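> Give me the fold of what follows.
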Amino acid sequence: MKAPIPARRPKDVSIHGETRIDDWHWLRDRDDPEVIAHLHAENAHTEAWFAPLAALKQQLYDEMLARIQEDDDEVPWRWHGWWHWSRTAKGRQYETWLRRRDQPGAPEEVMLDLNALAEGKPFLQLGALEVSPDTKLLAYSLDETGALDYTLRVRDLASGADLPVAIEKTEDAAWGNDSRTLYYLSKDEAKRTHRVWRHRLGAGVPDELVFEEADELFWVGLGKTRDERYLVIASASKDTTELHVLDADDAQARPRVVLPRRRGIEMSLDHRHGRFYLLINDTARNFRLVETDAAAPSLATATELIAQRDDVMLEDVDLFERWMVVQERDRGTLKLRVFDLAHGRGGRDWHIPFDETVYSAGGDVNEEFASDVYRVAYTSMVTPHSVYDVDLTTGERVLKKRQPVLGGYDPALYDSTQILARAADGTAVPVSLVWKRALRRDGEPQPLLMYGYGAYGIPVDPYFSSSRLSLLDRGVVFAIAHVRGGGDLGRRWYDEGKLAAKPNSFADLVACAEALIAQGWTTPQQLIIEGGSAGGLLVAAAANLRPDLFRAVVAEVPFVDVINTMLDETLPLTVGEFLEWGNPKTPADYAVMRGYSPYDNLRAAAYPAMYLRAGLNDSQVPYWEAAKFAARLRTLKTDAEPVLVSINMDAGHGGASGRYDALAERAEVLAFMLAVWGLTAAAAP
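Now for the predicted structure:
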């Protein structure tokens, strides 16, 4: 089936004296029947391409499903005398949230069954899920389109009936300690969270505006300290944070600022015994930890608990009655450092031990303030998601659950390592790898899938994936490129891959590919790269730089039309993203973006095979980015490799919401890869 080529309708989008004509700008209008018809044509073309692979797709789906324990319960966590957890049931797309009293023989109670709420709906996503302090009410929010348009409701947990509360276009919510006052966020037209409101249940009075952020660079978040003493309003841009707190016991409280806003200073806080514990980067980029009087917070009188270190990033702090657990990133390695606060500043500190050298670990659900047990989530390239309870008094570590992988998975059959690639500027870029031992032939190149992200300071730590086994068991090597722009090696790593330094991210991915080829792991004809969202930008830009280096590119909800998107301030993420990508209305920023924007840098060349996936309702990276990119690429490429576009007409940024639907989507992606590698006839593992 011939690929659809939408009509050219030139639109002048020139800026800074450079003539720029966008032939496919019209694809942005989802209300135009021709646009929807084109998207359906793209889907039909993709379906036709995959038709010969129907048996392989089904085989992959069956394999992945067979590894999943479909009837499964999350490890329960305790709060206010109740145990809470989620459950998945065989044949059900969504979770059910349950609880039971912490008493012998207490029955379980259903708080929220998402399967019942999803009946007749193609999409459902849970946002807020907050039980009131008296444990009688549940505040929850649902998105039914994938466009992040959540509606907040309140449920009476005794009767299971919802109260007459339906607040639209919201996100986070938090309870006042009277269990009758509910705070929530609202969004502006660009879907930026910008206001905090106070709703009084049953009072019959209008909701009260508590806080408003006027600066479009800043988004507002809402939370609560673990000791439930304060509600915390975080107003944050990409490089600056201002914190306000409200007394959670006072239903009339007004927010007060913790520290005055200072450009470039970020912070977070928790509270204990009348003191705020602040993570703050006021003296250097990697943050320090200070303690200050909650009644009169001041850096001038604060006590420094942990100084900043150039090679160690302080990422998070979990604060308890007697303990403090600090998450550190030490030259890329995650460490959890425990402090005994019950014995003052002279109390001992120690690191929670882990058994592997390359792993990912962090705090799991730790809701209770007066607890001597710390729950940890752990995974590695070969170890499935695991939950440990660590006794902070004795140091004993108890495995509560390791996610089952059915079918006889044995981690000893797989191996992992980390290598270093050398970027053009001399920077050493880590690459994590995993493969099946019996199928690794030393020095002999193999099919290899390399994943990357590299944005917003978000790290991509080594992790386990049961669906990945369908590749490893067919002789594929999997790699994660820890490129600059992410937080993999701390805040410096982020700074060196954003704004004017953004091209480092793309150069790093190319360097990782070259290193894998030079070291005999793979060849250009066996190398596929994959990324989503900002990672879609990463892989598309790398393909423009070196189309000869890759066999195929998989780009999920890819951010590829950088300049046109960042010129449109009506879009949800644009203004706030100026501090990540730059503002193309500024000539210097435009020059940087013009040098890498994938849509603008497509050229007449032989390109890798492309598979682009998007969602019609995506408010973060709109569907038209993938559609426009494919349309322009097809008019320029000099090869016969496929350019496939799949638009989920019922979903947003995260794809299908149901777990079985999501698994089917992943089966299609893997089928594409195996077809490109010529492994469609490979025996099932």
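
> Wait, residue 24 touches residue 627, no?
Yes - counting by CB atoms under 8 Å, residue 24 touches residue 627, with 7.5 Å between them. C-beta coordinates here come from the backbone N, C-alpha and C atoms, glycine included.

> if I look at the two, which residues touch both of them?
Common neighbours of residue 24 and residue 627, counting by CB atoms under 8 Å, 6 or more residues apart in numbering, are residue 6.

> Centre-most residue in this structure?
Centroid check for the chain by CA atoms, centre = their mean gives residue 458 as the closest residue, at 7.9 Å.

> tell me the contacts of it?
Residue 458 sits next to 486-487 when contact means CB under 8 Å, 6+ apart.

> Kindly report the same for the one 4 residues further on.
With contact taken as CB under 8 Å, 6+ apart, residue 462 is in contact with 358-360, 379-381, 416, 432, 434, 480.

> Tell me the one of the residues you listed nearest residue 599?
residue 480 (26.0 Å; CB to CB).

> State the three-state secondary structure for the residue nearest to the centre of the chain.
Following DSSP: H, G, I helix; E, B strand; the rest coil, the label given to residue 458 is coil.

> Need the pLDDT of it.
What the model reports as pLDDT for residue 458 is 96.

> Begin at 591 from now on, thanks
Sure, I'll start numbering at 591, so the last one becomes residue 1048.

> That one and residue 954, how far apart?
Using CB to CB, to the nearest Å, residue 1048 is found at 19 Å from residue 954.

> same question, residue 1241
Taking CB to CB, one finds residue 1241 at 28 Å from residue 954.

> With neighbour numbers in mind, choose between the two.
Taking neighbours as other CB atoms under 10 Å, residue 1241 and residue 954 compare with residue 1241 leading, 26 against 19.

> give the contact list for that one.
Contact analysis of residue 1241 by CB under 8 Å, 6+ apart lists 712-713, 736, 1205-1208, 1247.

> mind redoing it with 6 Å?
Residue 1241 is in contact with 713, 736, 1205, counting by CB atoms under 6 Å, 6 or more residues apart in numbering.

> So it versus residue 821, what's the distance?
Distance, residue 1241 to residue 821, by CB to CB: 33 Å.

> what residue ranges in this protein are flagged as low confidence?
934-937, 1272-1275 (pLDDT under 70).

> Walk me through the domains of it.
As given by automatic domain parsing, the domain ranges for the chain are 899-995, 1003-1112.

> Could you check stretch 957-965 and say which residues are buried?
958-959, 961, 963-965 (16 or more other CB atoms under 10 Å).

> the helices in this structure, which residues?
Using DSSP state H, the helices of the chain run over residues 623-640, 644-656, 704-708, 1059-1062, 1081-1085, 1093-1108, 1124-1135, 1152-1157, 1168-1171, 1177-1186, 1214-1226, 1249-1267.

> Tell me which of the ones you listed is the most buried.
helix 1124-1135 (a mean of 27; mean count of other CB atoms under 10 Å).

> which secondary structure elements does that helix contact?
Here helix 1124-1135 touches helix 1093-1108, strand 1117-1122, strand 1142-1146, going by 3 or more CB pairs under 6 Å, 6 or more residues apart in numbering; DSSP states H and E.

> One more pass at 8 Å, please.
Applying 3 or more CB pairs under 8 Å, 6 or more residues apart in numbering; DSSP states H and E, one finds that helix 1124-1135 makes contact with strand 1038-1042, helix 1093-1108, strand 1117-1122, strand 1142-1146.

> Now do the contacts for the residue nearest to residue 792 when sequence neighbours are not counted.
Excluding the flanking residues, the one nearest residue 792 by CB to CB, 6 or more residues apart in numbering is residue 770, at 7.3 Å. Counting by CB under 8 Å, 6+ apart, residue 770 makes contact with 790-793, 841.

> In JSON lines: those residues, plus distance to residue 1140.
JSON lines is the format used below for these (distance: CB to CB, whole Å):
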{"residue": "790", "distance to residue 1140": "57"}
{"residue": "791", "distance to residue 1140": "56"}
{"residue": "792", "distance to residue 1140": "60"}
{"residue": "793", "distance to residue 1140": "60"}
{"residue": "841", "distance to residue 1140": "58"}
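
> From those residues, list just the buried residues.
Judged by neighbour count, with 16+ other CB under 10 Å as the criterion, the buried members of the contacts of residue 770 are 790-791.

> If we only consider the contacts of residue 770, which is nearest to residue 1034?
Proximity of the contacts of residue 770 to residue 1034 (CB to CB) peaks at residue 791, which lies at 66.6 Å.

> partners of the nearest residue to residue 1009 once chain neighbours are set aside in the sheet?
Excluding the flanking residues, the one nearest residue 1009 by CB to CB, 6+ apart is residue 1021, at 5.1 Å. Counting by DSSP bridges, residue 1021 is bridged to residue 1009, residue 1071.

> ok, residue 1021 touching residue 1072?
Yes - using CB under 8 Å, residue 1021 is in contact with residue 1072, at 6.9 Å.

> ok, and the closest non-adjacent residue to residue 1198?
Leaving aside its sequence neighbours, residue 1198 sits nearest to residue 1140 (CB to CB, 6+ apart; 4.4 Å).

> tally of neighbours for that neighbour?
With other CB under 10 Å as criterion, residue 1140 counts 24.

> Next: the one 4 residues further on.
The number of residues packed near residue 1144 is 26, by other CB under 10 Å.

> which ones are touching residue 953?
Going by CB under 8 Å, 6+ apart, residue 953 touches 906, 908, 915, 917, 926, 964-967.

> and if we set it to 6 Å?
Residue 953 makes contact with residue 908, according to CB under 6 Å, 6+ apart.

> What distance do you get for it to residue 990?
The gap separating residue 953 from residue 990 is 14 Å, by CB to CB.

> Identify the contacts common to those two.
With CB under 6 Å, 6+ apart, residue 953 and residue 990 have no common neighbours.

> most neighbours, which of the contacts of residue 1241?
residue 1205 leads the contacts of residue 1241 on contacts (other CB under 10 Å) with 28 neighbours.

> re the thing from before, against residue 949, how distant is the residue nearest to residue 1009?
Plainly put, residue 1021 is 16 Å away from residue 949 if you go by CB to CB.

> re the thing from before, of the contacts of residue 1052, which belong to strands?
Among those, the subset assigned to strands under DSSP state E consists of 950, 969, 1006, 1022, 1024, 1070.

> picking up where we left off before, just name the most buried of the domains of the chain.
Compared across the domains of the chain, domain 1003-1112 shows the largest average neighbour count, a mean of 20 (mean count of other CB under 10 Å).

> who touches residue 1077 in this structure?
So residue 1077 contacts 1047-1049, 1084 (CB under 6 Å, 6+ apart).

> Where do the strands of the stretch 841-990 of the chain begin and end?
Counting by DSSP state E, counting those that start in this stretch, the stretch 841-990 of the chain has strands at residues 846-847, 857-862, 865-870, 878-883, 893-896, 902-909, 913-920, 923-930, 939-941, 950-953, 963-969, 976-981, 987-992.
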